[in-house]
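*Asks:* have a look at this fold, sequence not included:
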């Protein structure tokens, strides 16, 4: 019967072999890590009616603003809309879920979400707006088909739903009331 091999001795021989090889050929070159592409909300493909249409403004901010200002005037409604879209582009990336982003603005305007944020964390309304849009852009908040705002977990993350689905965890705010008229 052959004697059992000693795992500690085998590890020691392997370490000695690696050390000798490193001495002969030098240390391994440092590898450049692969850049990880951050997924945008568009890449995550959120479900629902608010995420069917995506706007992608083409051109630099200055070009787009100049074109709209030339056509409609610098203080016009379309110019203000373009400034808002460009503001969203900073948060959401090149593809903007316009319906969802506008609805999130309506939620901030017509519900007490900003007041709740001020009470709980002492955030100013402007900071609350940017923070909520940032969370939305990461897929951590989504607008459900009924217009309510939900805390969500994107697919492919440790706490996502089975089979790579979105997990709707907690309703934060009901849909704002519909305007009468």
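*Replies:* Arrived safely. Keep in mind that this is a model prediction, so the values were computed, not measured.

*Asks:* my read: residue 148 touches residue 176, true?
*Replies:* No: the pair residue 148 and residue 176 fails to qualify as a contact (C-beta atoms under 8 Å) at a distance of 9.5 Å. C-betas here are computed from N, CA, C, even on glycine.

*Asks:* can you show me the helices along this protein?
*Replies:* Using DSSP state H, the helices found in the chain span residues 7-25, 41-44, 61-72, 77-92, 98-110, 113-121, 125-137.

*Asks:* packing partners for the third one?
*Replies:* Same thing as helix 61-72. Based on contacts counted as 3 or more C-beta pairs under 8 Å, 6 or more residues apart in numbering; DSSP states H and E, the elements that helix 61-72 packs against are helix 77-92.

*Asks:* look at residue 73 and report its pLDDT.
*Replies:* Reading off the per-residue confidence, residue 73 sits at a pLDDT of 90.

*Asks:* tell me the contacts of it?
*Replies:* If you count contacts by C-beta atoms under 8 Å, 6 or more residues apart in numbering, residue 73 has them with residue 79.

*Asks:* next, it: phi, psi?
*Replies:* Note on residue 73: backbone dihedrals following degrees, to the nearest 10 are phi 100, psi 150.

*Asks:* just to revisit the earlier point, I'd like the helices of the chain as a markdown table, with mean neighbour count and distance to residue 156 appended.
*Replies:* Formatted as a markdown table, the entries for those read as follows, by neighbours: other C-beta atoms under 10 Å; distance: least, C-beta to C-beta, whole Å:
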| stretch | mean neighbour count | distance to residue 156 |
| --- | --- | --- |
| helix 7-25 | 10 | 36 |
| helix 41-44 | 18 | 8 |
| helix 61-72 | 14 | 32 |
| helix 77-92 | 16 | 19 |
| helix 98-110 | 18 | 20 |
| helix 113-121 | 14 | 27 |
| helix 125-137 | 17 | 16 |
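
*Asks:* so for residue 159, which of these sits nearest?
*Replies:* With C-beta to C-beta, the closest approach to residue 159 among those belongs to helix 41-44: 14.5 Å.

*Asks:* how far does that closest one sit from the chain's center?
*Replies:* For helix 41-44, the distance between its averaged C-alpha position and the chain's averaged C-alpha position is 7 Å (C-alpha atoms, centre = their mean, to the nearest Å).

*Asks:* and the pLDDT at the nearest residue to residue 104 once chain neighbours are set aside?
*Replies:* Leaving aside its chain neighbours, residue 104 sits nearest to residue 136 (5.9 Å; criterion: C-beta to C-beta, 6 or more residues apart in numbering). Here, the pLDDT recorded for residue 136 equals 93.
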